[in-house]
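requesting a structural model of the entry that follows:
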Amino acid sequence: RALSRQTGQLLWNAPTAGETLGGPWTDNAIVLAFTSTGSLVFLDAASGNVLATPSIRAPAGGAGAVSGPWVYMPGQDGVLYGVRGNP
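You can find the predicted model right below:
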């Protein structure tokens, strides 16, 4: 859920494909949520519209990390997955 800092009103609400792990990664344009099912949910920060939902090949083993154009997410299968590119 996105709330207005000024009024506290709900701006948008977006479902995810599983429990959200850790805090989301954000910038001025995108919100990225990591889910327990291994999905990476890229949302438009202004509207909450889903931009992309790539998934790793296993349930997530924890929250992911962002470094430049790469998004990393550990899998419960012992593999560290990397996703590169814009949604």
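
give me the low-pLDDT residue ranges for the protein?
In the predicted model of the chain, residues 86-87 satisfy pLDDT under 70.

and the strands in it?
2-3, 10-12, 20-26, 30-35, 40-44, 50-52, 65-67, 70-74, 80-84 (DSSP state E).

need those strands in JSON lines with distance to A58, can you?
Where you see a C-beta, it was placed from the backbone N, CA and C, and this is true even at glycine. JSON lines is the format used below for the strands of the chain (distance: least, Cβ to Cβ, whole Å):
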{"stretch": "strand 2-3", "distance to A58": "29"}
{"stretch": "strand 10-12", "distance to A58": "30"}
{"stretch": "strand 20-26", "distance to A58": "13"}
{"stretch": "strand 30-35", "distance to A58": "12"}
{"stretch": "strand 40-44", "distance to A58": "13"}
{"stretch": "strand 50-52", "distance to A58": "19"}
{"stretch": "strand 65-67", "distance to A58": "17"}
{"stretch": "strand 70-74", "distance to A58": "9"}
{"stretch": "strand 80-84", "distance to A58": "8"}
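
make a markdown table out of those and add mean neighbour count.
Formatted as a markdown table, those follow (neighbours: other Cβ atoms under 10 Å):
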| stretch | mean neighbour count |
| --- | --- |
| strand 2-3 | 14 |
| strand 10-12 | 13 |
| strand 20-26 | 15 |
| strand 30-35 | 21 |
| strand 40-44 | 21 |
| strand 50-52 | 15 |
| strand 65-67 | 12 |
| strand 70-74 | 19 |
| strand 80-84 | 14 |
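
please identify which of these is closest to P59.
Of all these, it is strand 30-35 that lies closest to P59, at 9.2 Å by Cβ to Cβ.
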